[in-house]
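# Model the following, please.
(chains A and B)
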Amino acid sequence: EIVMTQSPATLSGSPGERATLSCRASQNIDHKLAWYRHKPGQAPSLLIFGASTRATSVSDRITGTGSGTEFMLTINSLQSEDGAVFYCQQYKDWPRTFGQGTKIEIK
Amino acid sequence: QVQLTEWGAGLLKPSETLSLTCSVSGGSLAGYYWSWIRQSPGKGLEWIGEINHRESGTFNPSLKGRLGMSVDMPKNQFSLILNSVTAADTAVYFCATFDVAHTPYGAHDYWGQGILVTVSS
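Predicted coordinates:
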């Protein structure tokens, strides 16, 4: 199976700062990558698909880049609502696999 | 807009069978793939498997052999069966799907709220 590795595990930032999250695939997944935001007690929310396309109603502060095996999610101007765990997920192959998540803590 | 609601038994003993159902409103089962995803306590998300309205599906090999899925078109719902559960199957179970008009197959933009299933003796 394709292993997805995210870094860092935890990221702490102040409101207004930029956060950069990394996701690496163990083999080429082209652009078949999604990013989700997951808050405790809620369903995950799709942010990005196709590595760089924002899902409906997603803020333009959130940008996805990358292809192949290296991907990034950038969140500009952090806000309190960004405090959550962010997951990447590949859909190039089965089983679909997720990274272990990056937790963003807002100072 | 598609809405998903999971329901089923929330407390099981080891070796029992997990049975969950996801009710779909705002859309038909036809033409979509319907997924189950879980999150064990303190861990990340794990894709369990998916099924379409013809009951053609793909399962996670890590669970294959214990796993079954089915659809009920008249009731507009689909189900997950996991046999011989252990404490390692304790998790919040989500059903999920995608908006075929806007989202590629494999990503998930519609999710249920999740249901906690605890396996404990």
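# Report the contact partners of the residue in chain A positioned nearest to chain B.
Nearest residue of chain A to chain B, counting by Cβ to the nearest Cβ: A:Y91, 2.5 Å away. Placement of C-beta: from N, CA and C, glycine included. A:Y91 sits next to A:I29, A:K32, A:L33, A:A34, B:P104, B:Y105, B:G106, B:A107 when contact means Cβ atoms under 8 Å, 6 or more residues apart in numbering or on different chains.
# so what's B:G42 scoring on pLDDT?
On the pLDDT scale, B:G42 is placed at 87.
# for it, helix, strand, or coil?
coil (DSSP: H, G, I helix; E, B strand; the rest coil).
# Can you get me a residue count around it?
B:G42 has 5 neighbouring residues, counting by other Cβ atoms under 10 Å in any protein chain shown.
# before we move on, what about B:G10?
By other Cβ under 10 Å, 12 other residues sit near B:G10.
# Next up, phi/psi of it, please.
Torsion angles at B:G10 (phi, psi; degrees, to the nearest 10) stand at phi -100, psi -10.
# and it, what does it touch?
Contact analysis of B:G10 by Cβ under 8 Å, 6+ apart lists B:I115, B:L116, B:V117, B:T118.
# I figured the first one hits B:L4, correct?
No: under the criterion of Cβ atoms under 8 Å, B:I115 is not in contact with B:L4, lying 10.9 Å apart.
# and the most centrally placed residue in chain B, how far is that from chain A?
A centroid search over chain B (Cα atoms, centre = their mean) returns B:W36, at 2.7 Å, as the residue closest to the centre. Distance, B:W36 to chain A, by Cβ to the nearest Cβ, to the nearest Å: 11 Å.
# Not counting its neighbours along the chain, what's nearest A:Q90?
Leaving aside its sequence neighbours, A:Q90 sits nearest to A:I29 (Cβ to Cβ, 6 or more residues apart in numbering or on different chains; 4.6 Å).
# Provide a list of residues in contact with the one you found.
Residues near A:I29 by Cβ under 8 Å, 6+ apart: A:I2, A:G68, A:T69, A:Q90, A:Y91, A:K92, A:D93.
# That one belongs to a helix?
No: read with three-state DSSP, A:I29 is coil and lies in no helix.
# Buried only: go through the contacts of A:Y91 for me.
A:I29, A:K32, A:L33, A:A34, B:G106, B:A107 (16 or more other Cβ atoms under 10 Å in any protein chain shown).
# Redo these as CSV? Include distance to B:S62 and pLDDT.
Output for the buried ones among the contacts of A:Y91, formatted as CSV (distance: Cβ to Cβ, whole Å; pLDDT from 0 to 100):
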residue, distance to B:S62, pLDDT
A:I29, 19, 98
A:K32, 21, 98
A:L33, 21, 98
A:A34, 20, 98
B:G106, 18, 92
B:A107, 21, 94
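# Would you confirm that A:T63 contacts A:N76?
Yes: with contact defined as Cβ under 8 Å, A:T63 and A:N76 form a contacting pair (7.4 Å).
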